[in-house]
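**Q** here are the coordinates; sequence isn't available:
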């Protein structure tokens, strides 16, 4: 079976973009780990950017315009604009039982551990992975408990 199916519940539309389908193929040989209840995101120098729950999609980017939907993690105060972060740069969500990263068709691209992510494809995340949004490097740490403040 192809990674692309006709199952309508897998079709997602985000921020007035064209519908796209989940692209993580289910592979029974992969060792499945439970999705953490929360993640911690740090800058390259160790500065804590945010602690967020994984029960909803996490959208990373810069402050949107007044008429646009909000982002979960705003990177403006960490020089997001100067580092080439798009308004809606990347998303972290639970897909097929995994915590996954997806580039949201950003201008300057997304890297996962130094490898370029294909736009709108999903990549499984592990604790300690380094995500690069434009020129901004962020480290993802899995948390054992959901953060108390959202």
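**A** Nice, thanks for sending it over. All of these numbers come straight from a predicted model, not from anything done at the bench. Numbering: from 1, shown residues only.

**Q** Quick check, pLDDT for residue 124.
**A** Per-residue pLDDT puts residue 124 at 94.

**Q** so it touches residue 97, yeah?
**A** No: contact criterion CB atoms under 8 Å: residue 124 and residue 97 do not qualify, at 9.8 Å. C-betas here are computed from N, CA, C, even on glycine.

**Q** out of those two, which sits in the more crowded spot?
**A** A side-by-side neighbour count of residue 124 and residue 97, using other CB atoms under 10 Å, places residue 124 first with 17 against 14.

**Q** partners of the more buried one in the sheet?
**A** residue 100 (DSSP bridges).

**Q** if we look at stretch 86-98, which residues are touching it?
**A** Under the contact criterion CB atoms under 8 Å, 6 or more residues apart in numbering, stretch 86-98 has outside partners 14-15, 22, 24, 26, 32, 35, 39, 54, 57-65, 68, 71, 75, 99-104, 106-108, 110, 117, 122, 124-125, 131, 133-134, 140.

**Q** Which among those residues count as buried?
**A** Those of the contacts of stretch 86-98 that meet the buried threshold are 14, 22, 24, 35, 39, 54, 58-62, 71, 75, 99-104, 106, 110, 117, 122, 124-125, 131, 133-134, 140, by 16 or more other CB atoms under 10 Å.

**Q** Show me those that map onto strands.
**A** The strands, defined by DSSP state E, take in 39, 58-61, 99-103, 110, 122, 124, 131, 133, 140 from the buried ones among the contacts of stretch 86-98.

**Q** wait, which of the residues you listed is closest to residue 84?
**A** residue 133 (7.7 Å; CB to CB).

**Q** ok, now which ones touch the closest one?
**A** Per CB under 8 Å, 6+ apart, neighbours of residue 133: 60, 75, 80, 83, 84, 85, 86, 89, 90, 106, 108, 110.
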